[in-house]
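**Q** from the sequence below, what's the structure:
(chains A and B)
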Amino acid sequence: MYGWIFRHLPGPLWVRIITSLALIAGVLVLMVQFLFPWMSQFTTLTDSTIGSAQQP
Amino acid sequence: MVQQQSEASTAVPGDTLPAAGRPRQQLRKRRITPADVARKILQVFGELLLTAGVVLLLFVAWELWWTNVEADAKQGQAIEKFAKDFTGPVTPPAKKVDYGKPKVTAAPGYGETIGVMYVPRFGKEYSRPIIQGTGVDVLDSLGLGHYEGTTMPGAPGNFAVAGHRQTHGAVLDNIHQLVPGDRIYVQTKDGYYTYVYRNNQIVLPSRTDVLLPVPTKEDAKPRDSYLTMTSCNPRFGAQERIIAYSLLESWQPASAGPPPEIAALVAKNHGKA
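**A** Modelled structure (predicted):
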């Protein structure tokens, strides 16, 4: 899959290396901004309140 | 005979040389077998599994490390903003004076800063903002959240705050290390409230009675001012809650200056160190 993507990137090798690094960085940013905060609700580490005051 | 031999010998090396277009012909001839398809599917599946593993590891790193970095920055900003609006000296009073009944102000709106908490037992540099409300948005970035509906500092009753044991600043990570007699200082725009830590209790998350005006005592009329801190227990878990109770010992107005024990840190927070 990743090999297929790498082969289909345009340009010479060094351009493809830079493009793939940029793609990885972009995916990381998306994960930190959206995926991880969303996943965070499924961990119980952050429950520190008592009873009715607890937020979902 | 000789001619034939030479013909044969010249033909052999010619045969081993790659004839133009021959490999392509071979490729065209080779058909995609079901085994090839299965191999490809397995390969993609395996790559997806590896990706999921890496993503989960990154998530753990984000949760346990990066959220602290982010929260520390936001809490530092909240303290900075609070310090800007605060009027009063940052040098401690020359002698101990009894300032009488503590001043009690109305609770601010949700998400607004009530003050700053100083706990020397948690470290010389420990100061965290106290924000009104215990919503995820408050606790996940701004530090200690004040339970709406519990009293404000200084009033008879229970000033209750929640904070994360882990992640998002881990503001109450060392709550179990408090020793009876430890001072906990709450600074509001009105002054400094000095609490003395008394004991802790480990309860189930459903025990809302720890937030009562007299903690765990139904229908009791409060005479003292309590400070109750709640956090998760055990560390890195959330099956229970750890509750730390403290009692108000003294109060001094902002105009009198901070208590000596935290004076240096107050001055630092106010940019006057």
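**Q** please count neighbours and contacts with C-alpha atoms only from this point.
**A** Fine.
**Q** just the strands in the chain please.
**A** With no chain named, the answer covers chain A. With DSSP state E, there are no strands along chain A.
**Q** my question was about chain B
**A** According to DSSP E, chain B carries its strands in the segments B:113-118, B:127-132, B:144-146, B:157-162, B:183-188, B:191-203, B:225-233, B:240-253.
**Q** does anything pack onto the fifth one? Which helices or strands?
**A** Which is strand B:183-188. strand B:113-118, strand B:191-203 (3 or more CA pairs under 8 Å, 6 or more residues apart in numbering or on different chains; DSSP states H and E).
**Q** of the ones you listed, which is nearest chain A?
**A** Closest of those to chain A is strand B:191-203, at 9.4 Å (criterion: CA to the nearest CA).
**Q** before we move on, the earlier item: mean neighbour count and mean pLDDT added to the strands of chain B, as a markdown table?
**A** Compiled in a markdown table, the strands of chain B are given as follows (neighbours: other CA atoms under 10 Å in any protein chain shown; pLDDT from 0 to 100):
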| stretch | mean neighbour count | mean pLDDT |
| --- | --- | --- |
| strand B:113-118 | 23 | 95 |
| strand B:127-132 | 26 | 95 |
| strand B:144-146 | 31 | 93 |
| strand B:157-162 | 27 | 95 |
| strand B:183-188 | 24 | 96 |
| strand B:191-203 | 20 | 95 |
| strand B:225-233 | 28 | 93 |
| strand B:240-253 | 22 | 94 |
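**Q** any chance of those in CSV, plus distance to A:Trp14?
**A** Putting the strands of chain B into CSV (distance: least, CA to CA, whole Å) gives the following:
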stretch, distance to A:Trp14
strand B:113-118, 51
strand B:127-132, 48
strand B:144-146, 49
strand B:157-162, 52
strand B:183-188, 57
strand B:191-203, 58
strand B:225-233, 50
strand B:240-253, 54
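**Q** now for the helices and strands packed on strand B:183-188, which one comes closest to B:Pro89?
**A** strand B:191-203 (10.7 Å; CA to CA).
**Q** that closest one versus strand B:183-188: what angle between them?
**A** In terms of direction (axes from the mean of the first three to the mean of the last three CA atoms, to 10 degrees), strand B:191-203 departs from strand B:183-188 by 130 degrees.
**Q** who touches strand B:191-203?
**A** The contact list for strand B:191-203 (CA atoms under 8 Å, 6 or more residues apart in numbering or on different chains) reads B:102, B:153-154, B:176, B:178-187, B:227, B:233, B:240-255, B:257-259.
**Q** right, so of the strands of chain B, which gets closest to A:Trp38?
**A** That would be strand B:225-233 among those, by CA to CA, at 20.4 Å.
**Q** now the angle from the closest one to strand B:157-162?
**A** 20 degrees.
**Q** find the least confident helix or strand in chain B, judged by mean pLDDT.
**A** Least confident helix or strand, chain B: helix B:2-16 with a mean of 47, by mean pLDDT, DSSP states H and E.
**Q** what sits against B:Glu261?
**A** Listed by CA under 8 Å, 6+ apart, the contact set of B:Glu261 reads B:Pro120.
**Q** looking at it now. What's its pLDDT?
**A** In this prediction, B:Glu261 carries a pLDDT score of 92.
**Q** any idea how far chain A is from it?
**A** 28 Å (CA to the nearest CA, to the nearest Å).
**Q** B:Ala220 too?
**A** From B:Ala220 over to chain A (counting by CA to the nearest CA), the distance is 20 Å.
**Q** which residues does the most centrally placed residue in chain A contact?
**A** Centroid-nearest residue in chain A: A:Met31, 2.3 Å away (criterion: CA atoms, centre = their mean). Residues near A:Met31 by CA under 8 Å, 6+ apart: none.
**Q** for the stretch 1-150 of chain B, which spans come out with low pLDDT?
**A** For the stretch 1-150 of chain B, the stretches with pLDDT under 70 are B:1-29.
**Q** meant to ask about chain A, not that
**A** A:46, A:52-56.
**Q** ok, is the longest helix along it in contact with chain B or not?
**A** Determined from DSSP state H, the single longest helix within chain A is helix A:13-30. No: looking at helix A:13-30 against chain B by CA under 8 Å from any CA of the partner chain, there are no contacts, and the closest approach is 9.1 Å.
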